[in-house]
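1. got a predicted structure plus its sequence, pasted below:
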Amino acid sequence: MKYAVRHRSKLSYQAPVSDARLNLRLRPVEWPGQVLLSQSLTIDPPPAAIRRTTGPYLTNLDAASFACEVRDLTVESRFEITVDPPPPANQVPAIAEVRSEALVSRDLSVLSPAPYLFGSRIAALDRAITDWAAPLLDPARDVMRGALDVAHAIHEQFAYVPGKTTSATLPHEAFAARSGVCQDFAHVMIVALRGHGIPAGYVSGYLRTLPPPGKPRLVGADAMHAWIAVWAGSRIGWVGVDPTNDCAARDSHIVVAMGRDYADVAPIDGVFIGSAPQRIAVAVDVEEIA
């Protein structure tokens, strides 16, 4: 599948702020089956400097700094990308095998399982979530079957309720409420898998959505999406699983970044001098073009 993606963010401050510095994680990373064809980033007003780099974790970073005072700022990312469906995973190892291999792995690359075994800033290990997932993650089970069953349990037991949680909501809070949005479901699933020694990462990206039958497609009505990637051993590597939609990631999922949790891959964050409240409005459009 070939997609054209447009992501527009408008930041507004109640009063001008100075020395603003933004971290933008909007360029898709290399991921199996993905080929980035073109990408542009427009910032208005233009920054005094922009530094393009990678990391930490599996991220592309554009760090922008502003010399002038800023009150309204617009960031627009556009790109075209092709996404092929992932091949079927054959001879998937058992959870016990994956856990043992991850613990002794000497891989120091950006796709190493090591950073994804332990608690992180948002996704701290939690006994209640670990115990809840235990019946689904017997060490003798196929790791992908276990991960898909955890995703199914979240889909069946949790209510999708936009606006009830924020980016600061912790996994144990969403778990206790049994509700939230894709970010919360991804965090809960990550904690569940890591609690059983299975490396799991937080994936930030886009999901192609289709309008109801007979209805026109609304431009700008899409949003960023979050799901998880589970490490299925060195032979298979990382595989996406979407608990919000109760499925494995496929050619409708466009990967932008992967980190330990949302804090590592936030599309926009940064700092500024001033005390003015900040508001952000986001519009996303994912269009299938071939």
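-> Thanks, I have the structure now. Residues are numbered from 1 along each chain as shown.

2. could you list every helix and strand that the lengthiest helix in the chain packs against?
-> Ordering each helix of the chain by length in residues (DSSP state H) puts helix 143-157 first. Applying 3 or more Cβ pairs under 8 Å, 6 or more residues apart in numbering; DSSP states H and E, we find helix 143-157 packed against helix 95-104, helix 182-194, strand 224-231, strand 238-242, strand 247-248. Any C-beta I mention is one placed from the backbone N, CA and C, and that applies to glycine too.

3. now do it against helix 95-104, angle only.
-> Between the axis of helix 143-157 and that of helix 95-104 there is an angle of 110 degrees, by axes from the mean of the first three to the mean of the last three Cα atoms, to 10 degrees.

4. next secondary structure after helix 143-157?
-> Downstream of helix 143-157, the first helix or strand assigned by DSSP states H and E is strand 159-160.

5. what's in contact with that next one?
-> Outside strand 159-160, the residues that touch it by Cβ atoms under 8 Å, 6 or more residues apart in numbering are 178-181, 244.

6. name every strand pairing with that strand and say which way it goes.
-> strand 179-180 (parallel) (DSSP bridges).

7. run the chain-centre distance for the strand it pairs with.
-> Put simply, strand 179-180 sits 17 Å off its chain's centre (Cα atoms, centre = their mean, to the nearest Å).

8. what residues does that strand touch?
-> 158-161, 164-165, 169, 174, 188.

9. circling back: most neighbours among the contacts of strand 159-160, which one?
-> Among the contacts of strand 159-160, G180 has the most neighbours (other Cβ atoms under 10 Å), with 26 neighbours.

10. separation between it and P16?
-> 35 Å (Cβ to Cβ, to the nearest Å).

11. what of H172?
-> 39 Å.

12. of the two, which one has the most company?
-> H172 (18 against 14).

13. what's whichever strand or helix holds the more buried one packed up against?
-> Element membership for H172 (DSSP H and E) is helix 171-177. Of the remaining helices and strands, those touching helix 171-177 by 3+ Cβ pairs under 8 Å, 6+ apart are helix 127-133, helix 182-194.

14. nearest to L61, out of those?
-> helix 182-194 (19.9 Å; Cβ to Cβ).

15. chain center to the longest helix of the chain: distance?
-> 18 Å.

16. mind saving the C-alpha coords of that helix as CSV?
-> Extracted C-alpha coordinates of helix 143-157, given in CSV (Å, rounded to 0.1, in the frame of the first residue of the first chain):
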residue,chain,number,x,y,z
VAL,A,143,5.2,-15.9,22.3
MET,A,144,3.1,-14.4,19.5
ARG,A,145,0.1,-16.4,20.5
GLY,A,146,0.5,-15.2,24.0
ALA,A,147,0.9,-11.5,22.9
LEU,A,148,-2.2,-11.7,20.7
ASP,A,149,-4.2,-13.1,23.5
VAL,A,150,-3.1,-10.3,25.8
ALA,A,151,-4.2,-7.8,23.1
HIS,A,152,-7.5,-9.6,22.8
ALA,A,153,-8.1,-9.5,26.6
ILE,A,154,-7.4,-5.7,26.6
HIS,A,155,-9.8,-5.2,23.7
GLU,A,156,-12.5,-7.2,25.4
GLN,A,157,-12.1,-6.0,29.0
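
17. list the contacts of it.
-> 89, 92-95, 97-98, 133, 136-138, 178, 185, 188-189, 192-193, 198, 228, 230, 232-233, 239, 241-248.

18. now, of those residues, which are buried?
-> Buried members of the contacts of helix 143-157, counted by 16 or more other Cβ atoms under 10 Å: 89, 92-95, 97-98, 133, 136-137, 185, 188-189, 192-193, 198, 228, 230, 232-233, 239, 241-245, 247-248.
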